[in-house]
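[1] Would you be able to build a 3D model of this:
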Amino acid sequence: MSVEAVAVHPAVVAVGGGHGLAATLRAMRKYAATITAVVSVADDGGSSGRLRAEMPDLPAPGDVRRCLSALADPSLALSDVLEYRFDADAGDLADHAFGNLLLAALTRTLGSFTDAVDEVARLCRVEGRVMPATVEPVHLEAMLRASADTIAARVVGQVAVANARGPRHLGLRPADVASPPGVVDAILDADQVVVGPGSLFTSVLAAATVPDVHDALRRTKAQRVYVANLGPEIPETEGFTLDDHLRALRDHDVPVDVVLCPPGMDHEVTAEGVAVVVRPVADARGLVHAPEPLAAALAGLLDLGGAPGSGTR
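    Numbers count the residues shown, from 1 in each chain. Got it, this is the predicted structure:
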């Protein structure tokens with residue numbers, strides 16, 4: 001089914017971070033009337049980590065930058081340069097993404113990270129709105145489980161959590177960070193909320209467990225869709241089945257109505273009360289989600305409604 005054949009123009013919200021969320025947003029541009037991205041800001045590696053070390057009050061800008069790029073007007077030079085990364089011979093600027101530096105500078109001059117994001121969105125004619133899950137400096141904390149009743153270790157920081165293995169429970173430090181105005185209303189007013197694809201703990205749950213986001217996900221009447229990854233994140237979800245992903249969402253009390261997965265993965269789901277919909281959503285190599293088929297699949301899901309069990313395997 002082509003996107004053009006779908007006669008719905010919904011309000012949609014994407015929750016998560018990383019490259020996966022950017023892929024979802026590119027798909028949403030093809031079928032949604034309004035788009036809101038609710039983005040994790042807990043990254044502490046790479047360019048974002050270096051900026052946070054220099055500016056401790058700055059939320060991680062990297063995932064927000066990727067989302068702005070995904071929704072920006074591609075005809076503008078500034079939209080293209082957001083993703084420009086300085087070469088190794090650029091001294092202190094080496095490996096910094098220009099968009100991260102722009103967001104950091106605007107945060108300082110405007111006095112607000114949210115205002116900085118909105119200003120970049122205005123300059124780049126972003127389609128929709130990109131919002132940080134929280135504007136407070138936040139770090140991830142994970143308790144690694146040796147068994148259901150035994151904690152093997154505690155790790156702190158996005159990089160450390162991403163490099164851990166096995167079942168874990170994710171928390172935020174501090175735990176009571178707030179979301180900026182507009183995040184909750186966007187989720188409550190949506191027709192569809194898409195969670196993922198992306199790194200389960202360090203992108204998806206990093207955004208979905210922010211208290212205001214988490215509460216809104218539980219209260220919304222929108223169809224809540226989990227888009228399965230095409231493969232494991234090594235080592236973060238090495239050995240995980242799709243059932244393991246759903247179990248982690250349930251363990252963190254993140255509700256899902258529909259799971260969208262590629263052919264051959266539906267047999268991994270045994271959970272009750274969730275619709276499993278199988279659609280080809282990958283590019284020709286099968287490595288990344290492609291905007292056109294993902295858009296057609298997500299648009300088609302709206303015909304199912306939000307009722308568990310209403311999908312097809």
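
[2] pLDDT score assigned to Val210?
    The per-residue pLDDT reported for Val210 equals 98.

[3] Please read the previous query as pertaining to Ala307.
    What the model reports for Ala307 is a pLDDT of 43.

[4] buried stuff in stretch 173-189?
    Within stretch 173-189, the residues that qualify as buried by neighbour count (16 or more other CB atoms under 10 Å) are 177, 179-180, 183-184, 186-188. (C-beta placed from N, C-alpha, C; glycine too.)

[5] Check the secondary structure at the residue in the chain sticking out farthest from the centre for me.
    With distances taken from the mean C-alpha point of the chain and given as CA atoms, centre = their mean, the most distant residue is Asp89, at 32.0 Å. The three-state label for Asp89, taken from DSSP: H, G, I helix; E, B strand; the rest coil, comes out as coil.

[6] Which members of the buried residues of stretch 173-189 occur in strands, if any?
    Secondary structure assignment by DSSP state E places none of these in strands.

[7] I'd like the list of these that fall within helices, please.
    With helices defined by DSSP state H, the entries of these inside them are 183-184, 186-188.

[8] worst-scoring helix or strand of this protein, pLDDT-wise?
    Per-element confidence for the chain was summarised using mean pLDDT, DSSP states H and E. The lowest value among helices and strands belongs to strand 150-156, with a mean of 82.

[9] neighbouring strands for that strand, and are they parallel or not?
    Take DSSP bridges as the rule and strand 150-156 pairs in its sheet with strand 139-147 (antiparallel).

[10] List the buried residues for the strand it pairs with?
    Neighbour-count burial for strand 139-147 flags 139-142, 144-145 (criterion: 16+ other CB under 10 Å).

[11] Show me which of the residues you listed is closest to Val213.
    For Val213, the closest of the buried residues of strand 139-147 turns out to be Leu140, at 14.5 Å, with distances computed as CB to CB.

[12] quick one: stretch 252-263 to chain centroid distance?
    Stretch 252-263 has its average C-alpha position 14 Å from the chain's average C-alpha position, going by CA atoms, centre = their mean, to the nearest Å.

[13] Could I get the pLDDT score of Ala271?
    Among the per-residue scores, Ala271 shows a pLDDT of 74.

[14] re the thing from before, how about the ones in helices among the buried residues of stretch 173-189 in a markdown table, adding distance to Arg247 and pLDDT?
    What follows is these, written out as a markdown table (distance: CB to CB, whole Å; pLDDT from 0 to 100):
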| residue | distance to Arg247 | pLDDT |
| --- | --- | --- |
| Val183 | 26 | 98 |
| Val184 | 26 | 98 |
| Ala186 | 28 | 98 |
| Ile187 | 23 | 98 |
| Leu188 | 26 | 98 |
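
[15] quick check, nearest of those residues to Asp257?
    Ile187 (13.8 Å).

[16] in terms of contact, does the closest one touch Val13 like I think?
    Yes. Between Ile187 and Val13 there is a contact under CB atoms under 8 Å: 5.4 Å.

[17] Overlap of the contact sets of those two?
    With contacts taken as CB atoms under 8 Å, 6 or more residues apart in numbering, Ile187 and Val13 have 36, 38, 193, 222 as neighbours in common.

[18] Other residues contacting stretch 224-234?
    Applying CB under 8 Å, 6+ apart, the contact partners of stretch 224-234 are 20, 24, 162, 192-200, 217, 237-240, 242, 245-246, 249, 255-262, 265, 281-282, 286-289, 294, 298, 301, 306.
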